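Student: structure for this input, please:
(2 chains)
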Amino acid sequence: LAKTTQPISMDSYEGQEVNITCSHNNIATNDYITWYQQFPSQGPRFIIQGYKTKVTNEVASLFIPADRKSSTLSLPRVSLSDTAVYYCLVGDDYKLSFGAGTTVTVRA
Amino acid sequence: NAGVMQNPRHLVRRRGQEARLRCSPMKGHSHVYWYRQLPEEGLKFMVYLQKENIIDESGMPKERFSAEFPKEGPSILRIQQVVRGDSAAYFCASSPPTGTGLNEQFFGPGTRLTVL
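Tutor: Modelled structure (predicted):
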């Protein structure tokens, strides 16, 4: 499994854009990049998944450079309810491997 | 459409007792996954089941832990003779029959097991 490195924590304010970068230098050819969100006392929730270039959905955007050694999750105009832990996962099968994640705190 | 359901949400056991954790997948989902989250750590894969079959139990401890997903009823994660180190949050996830599970897995709220 490819190892991922992401910041431990990030602070932001309501209405700002939050960008979380994840490093995965040894990503394999078949690996996908997936991001999950987890609120306290809840299970993780899928946000977005991509393989290369850019993916966008109603919640976030995922930017993946050509070498795929890193990726950036972008959360536009965050609100207080976006305060959560965000996990970057890299892999090619069902065995999801969660690291420590990035704790994002959104302040008013 | 109800999501993944787990019960109980909280379970307290004394050392040596048995713990049974239940998971009902989303309607139409036939793939179930169990994960364990130890304090201050990320979720770790334990086992992958389909109806009446264990597909991959490579993440399960070799002793005291077992899982099943019968033809009827919820998936069960069973921990025999619990020890304090089993205290953790246990999450169940499900995915539809199509796909590899690499794509979106839907997680339940978890069962928090405390061993006294």
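Student: alpha carbons only for contacts and neighbour counts from here, please
Tutor: OK.
Student: burial of residue B:65, as a residue count?
Tutor: Residues within reach of residue B:65, counting by other Cα atoms under 10 Å in any protein chain shown, total 16.
Student: need the contact list for it.
Tutor: Listed by Cα atoms under 8 Å, 6 or more residues apart in numbering or on different chains, the contact partners of residue B:65 are B:77-80.
Student: what sits against the residue nearest the centre of chain B?
Tutor: Taking Cα atoms, centre = their mean as the criterion, residue B:34 is the residue nearest the geometric centre of chain B, at 3.4 Å. Neighbour list for residue B:34: B:45-48, B:77, B:90-93 [criterion: Cα under 8 Å, 6+ apart].
Student: which among the residues you listed are in contact with chain A?
Tutor: For chain A, the contacts drawn from these by Cα under 8 Å from any Cα of the partner chain are B:45, B:91.
Student: which one (most neighbours) among the contacts of residue B:34?
Tutor: residue B:92 (32 neighbours).
Student: my guess is that one meets residue B:31, correct?
Tutor: No - using Cα atoms under 8 Å as the test, residue B:92 is too far from residue B:31 to be in contact (10.4 Å).
Student: and residue B:40, its phi and psi?
Tutor: Dihedral pair for residue B:40: phi 70, psi 20, per degrees, to the nearest 10.
Student: how close does it sit to residue A:87?
Tutor: 14 Å (Cα to Cα, to the nearest Å).
Student: just residue B:18 next, same as before
Tutor: Taking Cα to Cα, one finds residue B:18 at 32 Å from residue A:87.
Student: more crowded one of the two?
Tutor: Higher neighbour count among residue B:18 and residue A:87: residue A:87, with 29 against 15, using other Cα under 10 Å.
Student: surely residue B:104 meets residue B:98?
Tutor: No - with contact defined as Cα under 8 Å, residue B:104 does not count as touching residue B:98 (11.3 Å).
Student: no further questions, thank you.
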